[in-house]
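Undergrad: Here is my input; please provide its structure:
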Amino acid sequence: MSTDYPRYLVDYYANGEHIYQDEHAQTPPVIGHGFEFGRKWYRIVDVWTVHEKHAPVTHGTAVFLQEVETPPVFLEVDRKYYR
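TA: Residues are numbered from 1 along each chain as shown. As a prediction, this is how the structure comes out:
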């Protein structure tokens, strides 16, 4: 498959656990951005590029998340929207 955009292999970690992998991310993650996964809300607190395949985290881009309360703007959205 050919693409006209760069792709990033991004692994997301929260509370010391791997929670998600995006093999086709079109934009690199940025510290401070929000991330929703599994009906939980996170803030990106650190981003690392890992080249070593035998490192403690998967090679590629490792994103470390901190769980946060649901942002107020999303409290106004009907919960059925996220199902």
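Undergrad: In the chain, mark out all the helices, start to finish.
TA: All helices of the chain, identified by DSSP state H, fall at 72-75.
Undergrad: Name the nearest residue to the residue nearest in space to the middle of it, sequence neighbours excluded.
TA: The residue lying closest to the centre of the chain (Cα atoms, centre = their mean) is Tyr12, at 4.6 Å. Using Cβ to Cβ, 6 or more residues apart in numbering and skipping the chain neighbours, the partner closest in space to Tyr12 is Tyr20 (4.3 Å). C-beta coordinates here come from the backbone N, C-alpha and C atoms, glycine included.
Undergrad: Now for the one you found: which residues touch it?
TA: Contact analysis of Tyr20 by Cβ atoms under 8 Å, 6 or more residues apart in numbering lists Asp11, Tyr12, Phe37.
Undergrad: Could you give the bridge partners of Trp48?
TA: Ala62 (DSSP bridges).
Undergrad: measure it to Arg7 for me?
TA: Using Cβ to Cβ, to the nearest Å, Trp48 is found at 18 Å from Arg7.
Undergrad: Per-residue pLDDT of Val63, please?
TA: At Val63, the pLDDT value in this model is 95.
Undergrad: That one and Tyr13 touch, don't they?
TA: Yes - using Cβ atoms under 8 Å, Val63 is in contact with Tyr13, at 6.8 Å.
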